[in-house]
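J.: 3D, please:
(2 chains)
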Amino acid sequence: MYKKIKNNGIIPIAEIPVLEYPAFADEVSHLLDSSACHCVNYYAVPFNNRLQYFCFIANDETNDICILSHQTENSPEVKLESLAKKHFALHIFEREIHENFGIQFDGHPWLKPVRYPFNRADKNQVPDNYPFYRIESEELHEVGVGPIHAGVIEPGHFRFICDGEKVLHLEIHLGYQHRGVEQLFIKKNSTLQRCILAESIAGDSVIGHSMAYAGLMESLSGKQANDRLSIERVVAMELERIAIHIGDTSALSTDVAYQFGQVVNEALRTLVINTTQLWCGNRFGKGLIRPFGTHYPIDAMLADKMLATLKDVGERYLQITDRIYNLTSVLDRFETVGEITRKQAEKIGAVGMAARTTGLKRDIRHSHPFAGYHHIAYEPVLLTTGDVLARGFLRKLEVEQSLDLVNKLLERIKLIDIPSEKPIFDLKLQPSQLGISLTEGWRGEICHSAVTNEQGEIIHYKVKDPSMHNWMALALAVRNQEISDFPICNKSFNLSYCGHDL
Amino acid sequence: MLSFGLILITSLFFTGIIGRTKSLMAGRKGPDVFQPIKNVLLLLRKGSVFSSTSGLITQLAPTISLATVLTAALLVPFNGQQAVISFSYDFVLFAYLLALGRFFMIIAALDAGSSFQGMGAARESLYSMLLEPAFFMILASFCLITHNSSFAGIFSSLGQMNTEFLLAAVLAIFVFVNIALVENSRLPVDDPKTHLELTMIHEVMVLDLCGFDLGLVQITSFLKFAIFGTLIANCVMPGFIPVIAQIAIYFAIQMLFAIVIGSVESFRARNRLNRNAQYILAVVAISLIAFVLTLFL
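T.: Residues are numbered from 1 along each chain as shown, chains lettered A, B, ... in the order given. The predicted model follows:
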């Protein structure tokens, strides 16, 4: 009834069985009943007058990705029974399909706009008339924050319904940052332009997204990158994780006004991103990940320099986090604040480090390895409390783990004598294929997926940032919390606005 | 008159020293100690923009608040020296002048019609309400110890007191320091550096003010620090040394006070907002201990 592929696998579209919707719904529902499975993407592709839907369900135990499909007419008249009724994690995908094509999902709990793309089905839906959840009450009050962020980072609107200082409900309204990324992927024909586009999806996940793109292009061209490159990619991925996690530790300290933690971590983050700059000329790793090769191979001298800096960073980070997570005034701010339970995380389909703080083992590096992770015995770190402290402390543990991994790999790279290859931009993609590529960015699972036509051109491109799921985790985390604790809850997730808005 | 002059001088550099201390603690060079006052001078040269929802109160409040604090400063003596205004129980007027200024800032925050400012106003009024007994408890203990009923009388005789009253003085300094921190919205109760509206107390109330009015609000805050610094200096100042030496000690105490605030702010996190009430009540409890102690002395 469905096809199975591995991460970075491709499958001819003709081979995917097209089910009737009730059968499709049953299968999806049946698969998602297992706690090992979660939906990594569900989208619709217009073919002539019809829409073909593809649902990707990843099984973390068997390392498979199941692909299910059904078809409807491409018309706003179409009504389908909502799957989100039972499996809430699908809500964001159904909302997206509804927004793009006007398909009605009966019984969907929250069929609101996602990001207002220019070619949306209903042009009357604009940010100004977003239907906020409201409570008519004399006692409760509403607090609206944004869309201009106090720190002028990215735009998003947060609407709180509060009882005094206590938050009863938070609704997060995004879409202000929409740039039409997915359409640009189709429009831009050059592989290099698409690479740069992938790097610009979210400024803090440059490597995560560009690696997902590179992996997808490599599999659609039917070849694999060499071993040396896949190891270098793991180093890049972990360097990004280390840098952002340390930066977040600093930001968490800032938000509780702990100056010492803030300044020390700021300095350490600079050392890490400067290491990336030393490697590829850009602090965030732009230009580093290219299909089939790299312009910046790591030689023994560079590896030694990187090792020396990272050793220093590791020692100092250990000292400062020891101090932060033993300081009473900081612990008082972090502990039991912004809790999400494992049950909630499973229900909303939380991914990445947010899920791992609740004891939910979701890590693509472990369950669906990509790049060089195949060759590494990697076991994700798990915490169970799901509060701000857990999200902070998990970062510390992951930084230590990543530093350890990078050290080992850099030592290994020095010994590898496989020559480094230059990137290939003149790619021949296989015709009429469906490809999917998952990577574990620092925030969580990143999914890129593409469909090619008979000429081997990309006709549909889908990007899914981990923030798509995890924004809901933030909305749940602040329930019944003090409204003044919202900023640290927000910072502890550090979700991407532009990754969500695309 | 001497104390009024000293308060004005202290207010020029006090916040600057806190900022400089924090910068040095962070391993940075930090701005000039006169940078805050330079910023204020810059603000004073600017015009003001008012939101269309706000009315007369918003425009008046910063001026009234500054006026009340300046008047309160006139009531503060310098050790043996007479204050500009002095009479029996003048500290009651002092407390309520500050409260009047705060009251106007609170209704001005409500006047702006923003949900942030409303929250800030609610927090500010709660904390100042809780804190009020602490001030009176300490002053009442001083009255009992010295058998005087005005600031000038209390502080002039406090200088001559023997060591028995040291304990009360230590508790009093602790309470005054904490009152100064809450009044001026510093750590651990508030974080003056934060950009997060939802966690602010004082800063969020003045979110809609800009230019000249914001300048006035900042001067008010500098003055408040200097006033409480002066009260603290008065508690410990020996009365039997020449005035010049007293002035030197006064400035040393002010700087020490600022450096202590800067250091504490560098190495701890701020309170969770719902713990602030507990924190302030603890300060009140300590002032109560001071009061009970004096009853037995």
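J.: what helix or strand is the nearest residue to B:V84 once chain neighbours are set aside on?
T.: For B:V84, ignoring the flanking residues on the chain, the nearest one in space by Cβ to Cβ, 6 or more residues apart in numbering or on different chains is B:L74 at 4.2 Å. Every C-beta, even on glycine, is put in place using the N, C-alpha and C of the backbone. Assigned by DSSP states H and E, B:L74 falls within helix B:56-75.
J.: What average pLDDT does that helix get?
T.: The average pLDDT within helix B:56-75 is 94.
J.: Which of the three states applies to A:R362?
T.: Counting by DSSP: H, G, I helix; E, B strand; the rest coil, the backbone at A:R362 sits in coil.
J.: other SSEs contacting the one helix or strand A:L68 maps to?
T.: Using DSSP H and E, A:L68 sits within strand A:64-73. When contacts are defined as 3 or more Cβ pairs under 8 Å, 6 or more residues apart in numbering or on different chains; DSSP states H and E, strand A:64-73 packs onto strand A:3-5, strand A:18-19, helix A:21-33, strand A:50-59, strand A:433-440.
J.: Break down the stretch 301-450 of chain A into its helices, ranges please.
T.: According to DSSP state H, counting those that start in this stretch, the stretch 301-450 of chain A carries its helices in the segments A:328-334, A:342-348, A:352-356, A:364-367, A:388-415.
J.: Would you check that the residue nearest to B:V84 makes contact with B:S86?
T.: No - the pair B:L74 / B:S86 is not scored as a contact, 9.2 Å apart, by Cβ atoms under 8 Å.
J.: nearest residue to B:F151 other than its sequence neighbours?
T.: Spatial nearest neighbour of B:F151, chain neighbours left out: B:P77 (5.1 Å); criterion: Cβ to Cβ, 6+ apart.
J.: Give me the three-state assignment for A:G285.
T.: coil.
J.: ok, now how distant is it from B:D90?
T.: A:G285 sits 66 Å away from B:D90, going by Cβ to Cβ, to the nearest Å.
J.: Which one's more surrounded, those two?
T.: For A:G285 versus B:D90, neighbours defined as other Cβ atoms under 10 Å in any protein chain shown are more numerous around A:G285 (26 against 22).
J.: That one contacts A:I207, doesn't it?
T.: Yes - if you go by Cβ under 8 Å, A:G285 and A:I207 touch, sitting 4.5 Å apart.
J.: which residues do these two both contact?
T.: Residues touching both A:G285 and A:I207 by Cβ atoms under 8 Å, 6 or more residues apart in numbering or on different chains: A:236, A:239-240.
J.: Show me the residues you listed that map onto helices.
T.: Among the shared contacts of A:G285 and A:I207, the members found in helices (DSSP state H) are A:236, A:239-240.
J.: quick one: which of the residues you listed is nearest to chain B?
T.: Chain B lies nearest to A:L239 out of those, by Cβ to the nearest Cβ, at 24.6 Å.
J.: quick one on the thing from earlier: in JSON lines: the ones in helices among the shared contacts of A:G285 and A:I207, plus pLDDT, neighbour count and distance to B:A277.
T.: What follows is these, written out as JSON lines (pLDDT from 0 to 100; neighbours: other Cβ atoms under 10 Å in any protein chain shown; distance: Cβ to Cβ, whole Å):
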{"residue": "A:A236", "pLDDT": "93", "neighbour count": "26", "distance to B:A277": "49"}
{"residue": "A:L239", "pLDDT": "93", "neighbour count": "23", "distance to B:A277": "45"}
{"residue": "A:E240", "pLDDT": "94", "neighbour count": "25", "distance to B:A277": "42"}
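J.: mind putting those residues in CSV, distance to A:Q319 included?
T.: Converted to CSV, those look like this (distance: Cβ to Cβ, whole Å):
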residue, distance to A:Q319
A:A236, 26
A:L239, 21
A:E240, 23
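J.: can you list the residues of the stretch 51-200 of chain B near chain A?
T.: Applying Cβ under 8 Å from any Cβ of the partner chain, we find that the stretch 51-200 of chain B lies next to chain A at B:115-116, B:118-119, B:122, B:187-188, B:191, B:193-199.
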